[in-house]
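Student: Fold the following and give me the result.
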Amino acid sequence: MPIKFGTDGWRDIIAEDFTHANVAIVAAAHARYLASQGGQSVVIGFDPRFGGPQFARVAANTFAQHGLNVHLAGTYLPTPALSFAARHLGAAGGVMITASHNPPEYSGYKLKGAYGGSATPSMVSGVEQMIDEGDDSEGPTGTIQNLDVRRDYYMALDAILDLDTLRAYRGTLYHDAMGGAGSGWIEGYVKHAKLKLDLHPVHGVPHPLFYDVNPEPIPQNLGVLSALLRQEEGLTFGTVTDGDADRVGAVVAGGIYFNSHQIFAVLIKHLYDRGLRGRVIKTVSGSSIIDLLCQKLGLEVVETPVGFKYITDAFLEGLSDPAKQVLIGGEESGGIGMGMHIPERDGILNSLLMLEAVAKSGKSLPELFADIEELTGFRHFYDRNDLHLDPAFDKFAALQRAKSWQEVAGHTVREVVTKDGVKLLLEGNAWVMLRASGTEPVVRVYAEGTSEEAMREILEEATRRVQEE
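Tutor: A predicted model of the protein is given here:
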């Protein structure tokens, strides 16, 4: 089966197509690409999935055979720490052996740039092209040395966070690592920074099956954490990191899920209140409350197609042009990056920034978001359906038909946006969006309304019409 690259690399089922032989093929292509760009070294990490250390070692040996010096992690490593290491060590790029939030039977090969973030589309296509060109490597062998970046990564967080506020905080925080690569990393930072909060790890021991759930921070995977938080009140909340710890989620006191749009909005407002400024980058599937909040704060919003690679492009623009500096960039899936850090999603940093926002304000996450709703005059109600359709179903024709819809659930369509899929802007700041998967027979239906009832009606009608037409 051909090796197919996605947004920032390649994912497949372990022992079927994700094999040592195929990892070596991809690593050889990646090595030749980096060498063609003048690269001399690479960093390699892996998450707790089955075979992670072995796949990483295969990749490391392959890079060394192609003359590149390798910094290889000795144990599981969060993706943001791996990306930080690429920039910190001046490497030409990075490799993360992970399938991120995908089920445990999958693994993957994520490409990272020298700047400390996801590979750009041109980098990914460059490696992909090298796969088809064959391998005739000859020359000196590179070295392989141990990568231990934890202390340097923690010190980088020290420079970002308000340590005085965090050290004065005596509240309670839960961290659900979902058995992933973030296991122990927030606990380690609490010890490093000498914080005195009451920290409760959940699923904090690495687990190759992620405790029998997909390691994605969405409500159906967070039953244990939600049950624990039902007993809590006040400022206490639980933060969640996904399989490779680049995405973030949250559950607040009472066991209530606090979604990625709410997290994004709270972090924007918190950074603004700290005196930080810059562009805000959001994907087209993001909540309207982000646009309304930034309008109130006088911050420029840039909307991109779905995928963090587009947000990375905006970060890189900001690195070369101060007028385009990015404050924060985020996507609906919980991937959020900070302009003052690396151009990468970082679930560990975002967890600590949420804690900082609570500690600084003395308000809970729901209270902070309620303040934003009051400031914007907008109530946020959002949900998504993933339609798994018959492979014969023409999902792209369904999206084409949706462009002609005049109304949805009694809400008049006022604008059609085709930046990614089809997004119908409805009267009263409501909207619905249809987006087809590029690799599966799946259509994702997103909806936002200003009441729970209105949002449900929009989502259900759009879901029905996609399948019926």
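Student: Measure how buried Ser451 is and give me the count.
Tutor: 12 (other Cβ atoms under 10 Å). Quick note: C-beta positions are derived from backbone N, CA and C, even for glycine.
Student: tell me the contacts of the closest residue to it other than its chain neighbours?
Tutor: The shortest distance from Ser451 to any non-neighbouring residue, by Cβ to Cβ, 6 or more residues apart in numbering, is to Phe381 (6.1 Å). Residues near Phe381 by Cβ atoms under 8 Å, 6 or more residues apart in numbering: Glu448, Gly449, Thr450, Ser451, Glu452, Ala454, Met455.
Student: let's go with 7 Å and repeat that
Tutor: Neighbouring residues of Phe381 by Cβ atoms under 7 Å, 6 or more residues apart in numbering: Glu448, Gly449, Thr450, Ser451, Glu452, Met455.
Student: Look at Gly139 and report its pLDDT.
Tutor: Predicted confidence (pLDDT) for Gly139: 69.
Student: Check the one 10 residues further on too.
Tutor: Among the per-residue scores, Val149 shows a pLDDT of 97.
Student: Find the centremost residue of this structure, please.
Tutor: When Cα atoms, centre = their mean is applied to the chain, the residue found nearest the centroid is Gly335 (2.6 Å).
Student: Excluding covalently adjacent residues, which one is nearest to that residue?
Tutor: Looking at Gly335 with Cβ to Cβ, 6+ apart, the closest residue is Arg345, at 3.7 Å.
Student: Check the burial of the one you found by counting its neighbours.
Tutor: Arg345 has 31 neighbouring residues, counting by other Cβ under 10 Å.
Student: Just the element for it, please.
Tutor: Arg345 belongs to no helix or strand when elements are defined using DSSP states H and E.
Student: surely it meets Asp246?
Tutor: Yes. If you go by Cβ atoms under 7 Å, Arg345 and Asp246 touch, sitting 3.9 Å apart.
Student: Overlap in contacts, the two.
Tutor: Taking Cβ under 7 Å, 6+ apart as the contact rule, the neighbours common to Arg345 and Asp246 are Pro80, Gly335.
Student: Give me the buried positions along stretch 393-412.
Tutor: Phe393, Lys395, Ala398, Leu399, Ala402, Trp405, Val408, Ala409, His411 (16 or more other Cβ atoms under 10 Å).
Student: circling back: could you list which of the contacts of Phe381 belong to helices?
Tutor: Cross-referencing those against helices under DSSP state H gives Glu452, Met455.
Student: By pLDDT, give me the weakest of the contacts of Phe381.
Tutor: Ranked by pLDDT, the contacts of Phe381 bottom out at Thr450 (88).
Student: quick one, phi psi at the nearest residue in space to that residue that is not next to it in sequence?
Tutor: Closest residue to Thr450 in three dimensions, ignoring its sequence neighbours and counting by Cβ to Cβ, 6+ apart: Arg379, at 5.0 Å. Note on Arg379: backbone dihedrals following degrees, to the nearest 10 are phi -100, psi 130.
Student: Give me the number of neighbouring residues for Arg379.
Tutor: Arg379: 16 neighbours (other Cβ under 10 Å).
Student: residue contacts, it?
Tutor: So Arg379 contacts Glu373, Thr450, Ser451 (Cβ under 7 Å, 6+ apart).
Student: Equivalent analysis for Thr239, please.
Tutor: So Thr239 contacts Leu173, His175, Val248, Ala250, Ser351, Met354 (Cβ under 7 Å, 6+ apart).
Student: Quick check: the farthest pair among the residues you listed?
Tutor: For those, the farthest-apart pair by Cβ to Cβ is Leu173 and Val248; their separation is 13.1 Å.
Student: More neighbours: the two, which one.
Tutor: Neighbour comparison, Leu173 and Val248: the larger count goes to Val248, with 29 against 24 (by other Cβ under 10 Å).
Student: Just give me how far the host helix or strand of Val127 sits from the chain centre.
Tutor: Using DSSP H and E, Val127 sits in helix 121-131. Here helix 121-131 is found 22 Å from its chain centre; the criterion is Cα atoms, centre = their mean, to the nearest Å.
Student: tell me which residues of it are tucked away?
Tutor: Buried residues in helix 121-131, counted by 16+ other Cβ under 10 Å: Pro121, Met123, Val124, Gly126, Val127, Glu128, Met130, Ile131.
Student: which one among these gets closest to Lys324?
Tutor: Pro121 (18.8 Å).
Student: And for that closest one, nearest residue in space, chain neighbours not counted?
Tutor: Spatially, and ignoring its direct neighbours in sequence, Pro121 is nearest to Lys309 (6.0 Å; Cβ to Cβ, 6+ apart).
Student: hmm, back to that, any idea of the pLDDT on the residue nearest to Thr450?
Tutor: 94.
Student: Identify the residues contacting the helix holding Val127?
Tutor: Helix 121-131 has contacts (Cβ under 7 Å, 6+ apart) with Ile3, Phe5, Asp8, Ile25, Val26, Ala29, His30, Arg32, Tyr33, Leu111, Gly113, Lys309.
Student: Let's see that with 10 Å instead.
Tutor: 2-10, 22, 25-37, 93, 109, 111-114, 118-120, 307, 309-310, 312-313 (Cβ atoms under 10 Å, 6 or more residues apart in numbering).
Student: what's downstream of that helix, the next helix or strand?
Tutor: Once the chain leaves helix 121-131, the next helix or strand it forms, by DSSP H and E, is strand 144-147.
Student: Which secondary structure elements does that next one sit against?
Tutor: With contacts taken as 3 or more Cβ pairs under 10 Å, 6 or more residues apart in numbering; DSSP states H and E, strand 144-147 sits against strand 41-46, helix 52-65, strand 69-73, helix 79-88.
Student: try it again with 6 Å
Tutor: Applying 3 or more Cβ pairs under 6 Å, 6 or more residues apart in numbering; DSSP states H and E, we find strand 144-147 packed against strand 69-73.
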